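Participant: Got a predicted model here, sequence first, then my questions.
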Amino acid sequence: MFKMTCDIKFEGYKPTKASSLTWQHSVDNICSTAKIVIPTMSLVTNKEKEHSFVDTALVITEGMKVEIYAGYDGKNDLQFSGFVSRINFKTPLELECEGYSYQLKRKIINKSFGRTTVRDVLNYLIEGTDIKLSAKMPEKIVFEPCTFKNYTAIQVLEWLKEKYLLTVFFEDRDLYVGWLATYKGATVKHRLNWNVIKDDSLVFNTYKGAIVQIQAESRTPAGEKKKKISQPEGKPGNVKRVTVEIQDEADKQMAVNDMQQRANQRGYTGKITGFLKPFVRPGMTTELIDKKYRDRNGKYFVESVTGNFSSSGGRQTIEIGGSLST
């Protein structure tokens with residue numbers, strides 16, 4: 001029999017427990033979130049090891065760093081890392097939390113960039129924060145000249161998603177900005193009717209065969225519009241057109257490949273619900289094993305993870321994307 005265990009680490013304090021926890025991560029959302037429900041009164045020990053009960057809302061403040069660990073028998077995984085973003089004065093106390101995107105929401109960007117790399121732009125965005133760039137990021141993605149005026153750093157990241165078709169998400173404090181098709185995460189195994197509790201939302205997708213066309217639009221120094229259009233082979237009406245800022249031909253091809261992989265997915269998509277083990281994060285690969293319906297067997301990309309921990313149990317709902325099996 002396994003015992004559910006958790007630790008909540010607030011900056012400057014020893015680990016504490018919570019009444020319930022939830023957390024959410026997704027490759028399609030820059031902001032990871034969590035919610036902590038904690039008793040309204042806390043036992044605090046000072047340097048002289050004297051104990052006293054205080055109102056928790058007077059101890060926890062907005063902007064405080066927080067880490068959520070949860071698992072079984074003390075073998076807890078880091079499920080969330082970020083900051084307290086809102087305190088809801090309920091009984092018990094409810095704390096809303098946001099990942100390291102929290103440090104970029106109040107940072108205003110007024111800057112002109114020449115032709116450089118996305119990595120150089122990101123290094124500027126994260127200056128003065130605790131954020132680091134993911135080691136899995138592509139080394140060089142060309143960034144065309146652009147001026148940002150009164151943008152928040154988060155808005156610049158959203159702009160990169162829209163104009164460069166890049167995937168942007170956090171791995172705790174590590175920021176990943178790049179192509180989803182080339183992202184390599186760890187692999188875990190989920191066996192239906194063993195460590196998967198619920199799988200009835202899995203839906204089989206037949207081969208879609210959509211063709212992706214990238215339309216890159218730019219302007220000459222004189223203000224004249226220039227368009228570069230990739231010409232994939234495909235039947236009329238089976239082409240997806242997206243206007244972007246990409247001018248570099250190699251990057252344009254990577255964007256096409258990235259979108260093409262998503263458009264042409266064949267296999268199961270949907271959600272499965274499992275226990276807190278194995279530990280799962282977006283970007284990882286789950287190997288589905290189904291002894292009954294063997295067509296489901298294969299490796300799938302993890303799009304999002306929603307976790308919860310309470311007296312009712314601990315669960316992870318895992319949204320899977322397209323098949324990664326060859």
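Facilitator: Looks like it arrived, so ask away. Numbering: from 1, shown residues only.

Participant: Ends of stretch 144-164, what's the gap?
Facilitator: Using C-alpha to C-alpha, to the nearest Å, the end-to-end distance of stretch 144-164 comes out at 10 Å.

Participant: Run through who's touching it.
Facilitator: Stretch 144-164 is contacted by residues 30-31, 101, 104-115, 118, 121, 125-126, 141, 143, 166-168, 177, 218, 244-247, 251, 255 when judged by C-beta atoms under 8 Å, 6 or more residues apart in numbering. The C-beta positions use only the backbone N, C-alpha and C, and glycine is treated the same way.

Participant: if we go to 7 Å?
Facilitator: Applying C-beta atoms under 7 Å, 6 or more residues apart in numbering, the set of residues contacting stretch 144-164 from outside is 30, 101, 104-105, 107-115, 118, 125, 166, 168, 177, 244-247.

Participant: Now the buried members of the residues you listed.
Facilitator: 30, 101, 104, 107, 109, 113, 118, 125, 166, 168, 177, 244-247 (16 or more other C-beta atoms under 10 Å).

Participant: So which of those are in helices?
Facilitator: The members of these that map onto helices under DSSP state H are 118, 125.

Participant: burial of residue 89, as a residue count?
Facilitator: By the criterion of other C-beta atoms under 10 Å, residue 89 has 9 neighbours.

Participant: so which of the buried ones among the contacts of stretch 144-164 would you say is closest to residue 4?
Facilitator: Of all the buried ones among the contacts of stretch 144-164, residue 4 sits closest to residue 101, with 28.6 Å by C-beta to C-beta.

Participant: And stretch 141-148, what's buried?
Facilitator: 141, 142, 143, 144, 146, 148.

Participant: So what's the model's average confidence on it?
Facilitator: Average pLDDT, stretch 141-148: 94.

Participant: swap in stretch 188-205?
Facilitator: Stretch 188-205 comes out at a mean pLDDT of 88.

Participant: contacting residues around that stretch?
Facilitator: 265-275, 278, 280, 284, 286-290, 296.

Participant: same question, stretch 6-22
Facilitator: Stretch 6-22 is contacted from outside by 34-39, 60, 64-70, 76, 92, 307-310, using C-beta under 7 Å, 6+ apart.

Participant: buried sites along it?
Facilitator: Neighbour counts using 16+ other C-beta under 10 Å place 6, 7, 8, 9, 10, 16, 18, 20, 21, 22 of stretch 6-22 among the buried residues.
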